[in-house]
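>>> kindly return the folded structure for what I paste below:
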Amino acid sequence: MNRFVKGNPLFCIGCRTCMVACVVAHRGNGIFTTDPDSENFNPRIHVVKTKTKTMTVQCHHCENAPCVKVCPVGALEKGTDSILLHEERCIGCKQCTLACPFGAIQMKSVAGEGNVRVVANKCDLCANTEEGAPACVSHCPTEALTFYEIDSVQNIVDKKNLQTALNAWAVKEGQV
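The predicted structure is shown next:
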């Protein structure tokens, strides 16, 4: 484990292309008949804007995911390389939304069998879509989103370790 998407606020322009790409990946072109302000527009990634920055918020697929621990019905579970949501099991208790330290789990309305119920909605890394990889990353016009897998994370850590060792050696040798 684990794979995740990380946003860079230095590059995010707040265009919300990632949100549209997410919905299209999960609903197909039928999204274009949906008003982005309607309850049927349910992206699994969200753009948050402040006066000076814009940034995406999405599931981090945590190793020790607090959302999984608090779900009373097992609607959230740790998969091989991500946190999986079984929407059909969700009872809409909102415990996962409260437990998530990143605010990455939203609730959405789902119509079914003569009633409307509320269920959790979170990033699934587009696992069951045609793209098979996060649509938000491939469609971001400024490349503000990066998809990390365990190998890429380990490579980053290894490079940082090497740089730290080289910097320590340079200080010891008086070369700084």
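
>>> so Phe11 versus Leu85, what's the distance?
Per C-beta to C-beta, to the nearest Å, Phe11 is found 28 Å from Leu85. For the C-beta atoms, the positions are set from N, CA and C on the backbone; glycine is no exception.

>>> please identify which of those two sits among more neighbours.
Leu85 (25 against 14; other C-beta atoms under 10 Å).

>>> hey, what's that one bridged with?
Leu76 (DSSP bridges).

>>> how about it, what does it touch?
75-76, 120-122, 124 (C-beta atoms under 8 Å, 6 or more residues apart in numbering).

>>> same question, Cys100
Cys100 neighbours (C-beta under 8 Å, 6+ apart): 59, 66-67.

>>> what are the boundaries of the strands in this structure?
Applying DSSP state E to the chain gives strands spanning 4-7, 46-49, 54-57, 76-78, 83-85, 106-112, 115-121, 145-148.

>>> next one: the helix ranked longest in the chain to chain centre, how far?
Scanning the chain for the helix with the most residues, using DSSP state H, yields helix 150-172. Chain-centre distance of helix 150-172: 27 Å, with C-alpha atoms, centre = their mean, to the nearest Å.

>>> quick one: average pLDDT of that helix?
Mean pLDDT, helix 150-172: 72.

>>> which helices and strands sit right next to that helix?
Counting contacts by 3 or more C-beta pairs under 8 Å, 6 or more residues apart in numbering; DSSP states H and E, helix 150-172 is packed against no other helix or strand.

>>> only alpha carbons, please: show the helix or strand of the chain with the lowest mean pLDDT as CSV.
One helix or strand of the chain scores below all others by mean pLDDT, DSSP states H and E: helix 150-172, with a mean of 72. Taking Å, rounded to 0.1, in the frame of the first residue of the first chain, the C-alpha atoms of helix 150-172 are listed here in CSV:
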residue,chain,number,x,y,z
ILE,A,150,4.7,3.1,-3.5
ASP,A,151,7.7,2.8,-5.9
SER,A,152,7.6,6.5,-6.7
VAL,A,153,7.3,7.5,-3.1
GLN,A,154,10.2,5.2,-2.2
ASN,A,155,12.3,6.8,-4.9
ILE,A,156,11.6,10.3,-3.5
VAL,A,157,12.5,9.1,0.0
ASP,A,158,15.7,7.5,-1.3
LYS,A,159,16.7,10.8,-3.1
LYS,A,160,16.0,12.8,0.0
ASN,A,161,18.1,10.4,2.1
LEU,A,162,21.0,10.6,-0.3
GLN,A,163,20.7,14.4,-0.3
THR,A,164,20.7,14.6,3.5
ALA,A,165,23.7,12.3,3.7
LEU,A,166,25.6,14.4,1.1
ASN,A,167,24.7,17.7,2.9
ALA,A,168,25.8,16.2,6.2
TRP,A,169,29.1,15.1,4.6
ALA,A,170,29.6,18.6,3.1
VAL,A,171,29.1,20.3,6.5
LYS,A,172,31.5,17.8,8.2
